[in-house]
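**Q** Okay, here's the prediction I keep looking at, along with the sequence it came from:
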2 protein chains.
Amino acid sequence: MNHPTPPATLARRPLPPAFSEALAARFGERFTTSAGVREHHGRDESPFPPALPDAVVFAHSTEEVAEVARLCNHHGVPLIPYGAGSSLEGHLLAVAGGVSLDLSQMNKVLAVQPEDLTVTVQPGVTRKQLNQEIKDTGLFFPIDPGADASLGGMCATRASGTNAVRYGTMRENVLALTVVSADGRVIRTGTQARKSSAGYDLTRLFIGSEGTLGIITEVTVRLYPQPEAISAAVCAFSSMGSAVQAVIQTIQLGVPVARVEFVDALAIRAINRHDSLTLPETPHLFFEFHGTEAGVREQAETVQQITAEHGGQGFEWATRPEDRSRLWNARHTAYFAMLQLKPGCKSVTTDVCVPISRLADCVTETEKDLNASALPCPIVGHVGDGNFHVAILVDPDKPEEMAEAEAINQRIVERALAMGGTCTGEHGVGLHKQRFLVQEHGEDALDLMRAIKDALDPNHILNPGKIFSATRAGSQSGAPG
Amino acid sequence: MNHPTPPATLARRPLPPAFSEALAARFGERFTTSAGVREHHGRDESPFPPALPDAVVFAHSTEEVAEVARLCNHHGVPLIPYGAGSSLEGHLLAVAGGVSLDLSQMNKVLAVQPEDLTVTVQPGVTRKQLNQEIKDTGLFFPIDPGADASLGGMCATRASGTNAVRYGTMRENVLALTVVSADGRVIRTGTQARKSSAGYDLTRLFIGSEGTLGIITEVTVRLYPQPEAISAAVCAFSSMGSAVQAVIQTIQLGVPVARVEFVDALAIRAINRHDSLTLPETPHLFFEFHGTEAGVREQAETVQQITAEHGGQGFEWATRPEDRSRLWNARHTAYFAMLQLKPGCKSVTTDVCVPISRLADCVTETEKDLNASALPCPIVGHVGDGNFHVAILVDPDKPEEMAEAEAINQRIVERALAMGGTCTGEHGVGLHKQRFLVQEHGEDALDLMRAIKDALDPNHILNPGKIFSATRAGSQSGAPG
């Protein structure tokens, strides 16, 4: 298994002239086939070579999305929803050509319901924009993938981030969606109620469907009261294993930490350089505590005791906002800091998640594996969830480096699956994890996913080639092209 | 809209002899057509008249469930999974005949993973049994519907209960399922990892599917550390509106209450009689706080202040386990206490859930409505979620009482839907809420649910007649029978 080039098996065909004419007539300058715009929409943050769409449409409303879907469905043209472009797994690559539907201009916060602790937004709203716009309500939205992703994209990949250990992932925090189906119908999933037992959970079906079942055009998410008090702490460890053991004990004791992040020695070096910090270059845990003044003090004291029992050194506790921000900004920009360890590199980023009882074993065995490679491989992780990322830094123009990165990735995934874990905790499958799905889910479960795909997108126009090959033995409908 | 009798349109046909012979040969005495056993399996806690299955099979393993499914699918025989029999909405009624598949003997706790805070059980394990069996681990399972329901049934209805405001519902607390498909394949959904982005969320698709998409044969759920400290409190209010306003403020301030339950004056009277308590017969809130010693004290003090601001009287705070148990046992047996308000009655139980900003309006308007009825209608509610139940106490043999109850239910549901809520927060649709689904979801969303049903159960053998009519305009496959 080497470099996961986009599947060469998906045929491309030119856009039907009647189709292009209809889009041009309807969208004017918001329909384009210019090379520059197509180039921009045919790549993402993954290490894959670009795969350009044949055209790009910039949508402004749910009804416009529905019109594009109806046209694509009628003409059998692939349709790829595009948000902030921050996918790490090739979700946005137009491997079968077609139309990239850019939703970034659908970026309005439609309705804040502060009494209900909810907000409804268009899919192009980014997480930072959202928190900026609702700041004065005293509420915040906790899900924070590394990039300033769009809410639509975060739904599509079932994203999480550093706060998931306390606040959950997109799976737990979306109340309702508006979705355009493959044939251009507008569907509301869910209500404004906090919970419901009224029929199948369509909301959860679209969350994590990576644009292959429908196009998300509105999102209602839960918000949380800004904590009365926040404190942060960092703590250095002599080994990964002891750091992870401290996390396990923290979780098992039920300490309601808001964040607990692992950063290995190499990632600390990257952060020190990038953010002018002077942390000792050893494995670290970053903590954040949310609650009342007394509550966060109590949490921090408990965690300080736990880390001391596991050999943690120099537990530093920051309550001043500027100190906390400095620490957490460093963690949030770690991805970009790590890329600077190797000029011109790209990152093949792993994303396994294991049961927390296996996390120390998994990280320690992975560390041995990485030490055997010449590639720089810093590790960061949302360890409270059992999820960690290895950024395998490669020169994408060197096939031998790409091959080595994929070999490392494969060993990490197989180790995680053997431990009862998953190949992807929060980045999604895209093009990159497809080959692990049979091992993770089994053929029958995958077949069931394909049956759902066939039922909801019978012409296979929606983001073809992603998650799994849409065709299966005995399927009556083939991929378009 | 009157008494929701089971749909008369579903035809019944005798079991094919070859089918019965095959089951008898395979299951011996665990296959039965005896009237007593069929009678027991043709009813539940709903006010509907019984609808008997033609036979009952007691399964002992996933493989046995798969064998039954394959036979039913081959012969087009309806198949209804049966757990504890505690449905309130007619889920278990064999409205098209067929086989009731009793899973109550699949009641083993298969594996406790205390380090991961998870447990894997067979579907017949009940919530009380589970907590009893894991008591020594220091962990507990928080989801607590009123009945001692089975875990399989709680998955099937997307159940919740009094702890949902803090710990979530079955939707948030199931990590993985083993499911037998309509054609008898065994599917694993999910892994032991806390989160995953690896493909469609099959786990959430089966949760809340009410036995219509597959048969759940293993469940892995999250557990939580038993809190270091627990305290409980009750507080009396002069009106429902003021009690609900106190709840809204508690939630909006982010106080992490574990439980907050509303009990109206009539329900208090029922509880006083049933549990020999002497609470003043006015609306009450019951609270429970989980945390550290200092944390629960702080929560209780904050809530005491909030309730005082809303005219709450006699905030009583119980930390001794026996006092807490007495209070919460009274709340947990409220359903049975309420039934005793009217000897020989059954309850038509409403289950709406609204955005919390509308809860005071919804409850107050509902109260006016109930005051105009001669039927006793006590109210209890999981008000932290915006969910409340009216137990409309009827003599099921008096059609005029049934009709009045249904008229009240209809007004309550329509009010909730107009407020952005749902017709069912936790009991499921079953036979009872079907007519509200179009208004709640729209035809296109329902059509999508039917497409999923067609894809996963093309012969429509699984719990026919539940959630929605499985046939739709243009469907190529009809209901069996």
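**A** Great, that's in hand.

**Q** Report pLDDT for residue A:328.
**A** Residue A:328 carries a pLDDT value of 86.

**Q** pretty sure it contacts residue A:287?
**A** No. If you go by C-beta atoms under 8 Å, residue A:328 and residue A:287 don't touch, sitting 10.4 Å apart. All C-beta atoms are positioned from the backbone trio N, CA, C, and that covers glycine.

**Q** Need the overlap of contacts for the two.
**A** A:232, A:259 (C-beta atoms under 8 Å, 6 or more residues apart in numbering or on different chains).

**Q** And those two? Which one has more around it.
**A** residue A:287 (27 against 19; other C-beta atoms under 10 Å in any protein chain shown).

**Q** Just list whatever residues bridge to the residue nearest to the more buried one when sequence neighbours are not counted.
**A** Of all residues not flanking residue A:287 in the chain, residue A:233 sits nearest, at 4.5 Å (C-beta to C-beta, 6 or more residues apart in numbering or on different chains). Bridge pairing for residue A:233 (DSSP bridges) gives the partners residue A:287, residue A:317.

**Q** Any regions of the stretch 1-150 of chain A where pLDDT drops low?
**A** A:1-9 (pLDDT under 70).

**Q** Tell me the residue of it that sits nearest chain B?
**A** Residue nearest to chain B within the stretch 1-150 of chain A: residue A:115 (3.6 Å; C-beta to the nearest C-beta).

**Q** For the residue nearest to residue A:287, grab the count of nearby residues.
**A** Neighbours of residue A:233 (other C-beta under 10 Å): 24.

**Q** Same question for residue A:305.
**A** With other C-beta under 10 Å as criterion, residue A:305 counts 12.

**Q** Check whether it sits in a helix, strand or coil.
**A** helix (DSSP: H, G, I helix; E, B strand; the rest coil).

**Q** mind checking how far it is from chain B?
**A** Distance from residue A:305 to chain B, counting by C-beta to the nearest C-beta, to the nearest Å: 13 Å.

**Q** Over to residue A:373?
**A** Distance from residue A:373 to chain B, by C-beta to the nearest C-beta: 25 Å.

**Q** Next one: the residue nearest to residue A:287, what pLDDT does it get?
**A** Predicted confidence (pLDDT) for residue A:233: 93.

**Q** that older thread, if I pick the nearest residue to the residue of the stretch 1-150 of chain A closest to chain B once chain neighbours are set aside, what's in contact with it?
**A** Among residues not flanking residue A:115 along the chain, residue B:357 sits closest, at 3.6 Å (C-beta to C-beta, 6+ apart). The contact partners of residue B:357, by C-beta under 8 Å, 6+ apart, come to A:113, A:115, A:116, B:248.

**Q** Verify the stated contact: the third one with residue B:354.
**A** No. With contacts defined as C-beta under 8 Å, residue A:116 does not count as touching residue B:354, sitting 9.5 Å away.

**Q** isn't residue A:237 right up against residue A:311?
**A** Yes. Using C-beta under 8 Å, residue A:237 is in contact with residue A:311, at 6.3 Å.

**Q** burial measure for residue A:148, as a count.
**A** 13.

**Q** what's the helix or strand for it?
**A** Counting by DSSP states H and E, there is no helix or strand that carries residue A:148.

**Q** got a list of what it touches?
**A** Contacts of residue A:148 (C-beta under 8 Å, 6+ apart): A:84, A:86, A:126, A:127, A:128, A:129.

**Q** In those residues, find the pair that's most separated.
**A** A:86 and A:129 (13.6 Å; C-beta to C-beta).

**Q** More neighbours: which of the two?
**A** residue A:86 (21 against 16).

**Q** for that one, what are its contacts?
**A** Residue A:86 touches A:44, A:45, A:145, A:147, A:148, A:149, A:150, A:153, counting by C-beta under 8 Å, 6+ apart.

**Q** possible to save these as TSV with distance to residue B:210?
**A** Output for the contacts of residue A:86, formatted as TSV (distance: C-beta to C-beta, whole Å):
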residue	distance to residue B:210
A:44	39
A:45	41
A:145	34
A:147	39
A:148	40
A:149	35
A:150	34
A:153	32
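
**Q** May I see the ChimeraX selection of the buried members of those?
**A** Buried subset of the contacts of residue A:86, written as a ChimeraX selection, criterion 16 or more other C-beta atoms under 10 Å in any protein chain shown:
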select /A:44,45,145,147,149,150,153
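
**Q** between residue A:237 and residue A:311, who's got more neighbours?
**A** residue A:237 (23 against 15).

**Q** Contacts only, for that one.
**A** With C-beta under 8 Å, 6+ apart, residue A:237 has these contacts: A:243, A:246, A:282, A:283, A:284, A:285, A:307, A:310, A:311, A:312, A:313.

**Q** What residues sit buried inside stretch A:359-372?
**A** Neighbour-count burial for stretch A:359-372 [16+ other C-beta under 10 Å]: A:359, A:360, A:362, A:363, A:366, A:367, A:369, A:370.

**Q** got the contact list for that stretch?
**A** In contact with stretch A:359-372 (C-beta under 8 Å, 6+ apart) are residues A:240-241, A:244-245, A:247-248, A:262, A:264, A:352, A:354, A:377, A:379, A:381, A:383, A:386, A:388, A:390, A:408, A:411-412, A:415-416, A:419, A:421.

**Q** can you give me phi and psi for residue A:159?
**A** Residue A:159 has phi and psi values of phi -70, psi 160 when expressed as degrees, to the nearest 10.

**Q** hmm, back to that, what about the contacts of stretch A:359-372, which are in strands?
**A** With strands taken from DSSP state E, the overlap with those comprises A:262, A:379, A:381, A:388, A:390.

**Q** Could you measure from the closest residue to the second one other than its chain neighbours over to residue A:285?
**A** Excluding its sequence neighbours, the residue lying closest to residue A:379 (C-beta to C-beta, 6+ apart) is residue A:264, at 4.1 Å. As judged by C-beta to C-beta, to the nearest Å, residue A:264 and residue A:285 stand 11 Å apart.

**Q** So those two - more neighbours on which side?
**A** Between residue A:264 and residue A:285, counting by other C-beta under 10 Å, residue A:285 is the more crowded of the two (29 against 25).

**Q** Let me know the pLDDT of residue A:332.
**A** On the pLDDT scale, residue A:332 gets 84.

**Q** circling back: which one of residue A:116 and residue B:354 has more residues nearby?
**A** residue B:354 (29 against 25).

**Q** residues in contact with the residue lying closest to the more buried one once chain neighbours are set aside?
**A** Spatially, and ignoring its direct neighbours in sequence, residue B:354 is nearest to residue B:421 (3.4 Å; C-beta to C-beta, 6+ apart). Residues near residue B:421 by C-beta under 8 Å, 6+ apart: A:191, A:192, A:193, B:352, B:353, B:354, B:355, B:358, B:362, B:386.

**Q** Let's see that with 10 Å instead.
**A** Taking C-beta atoms under 10 Å, 6 or more residues apart in numbering or on different chains, we find residue B:421 in contact with A:191-194, A:196, A:198, B:352-355, B:358-359, B:362, B:386-387, B:413, B:415, B:440.

**Q** what about the residue nearest to residue A:194 when sequence neighbours are not counted, distance to residue B:270?
**A** Leaving aside its sequence neighbours, residue A:194 sits nearest to residue B:385 (C-beta to C-beta, 6+ apart; 4.8 Å). Distance, residue B:385 to residue B:270, using C-beta to C-beta: 22 Å.

**Q** How about residue A:116?
**A** Distance from residue A:116 to residue B:270, by C-beta to C-beta: 31 Å.

**Q** And residue A:445, by the same measure?
**A** Counting by C-beta to C-beta - residue A:445 and residue B:270 are separated by 47 Å.

**Q** Residue A:25 too?
**A** Taken as C-beta to C-beta, the span from residue A:25 to residue B:270 is 67 Å.

**Q** Check residue A:368 too.
**A** 64 Å.
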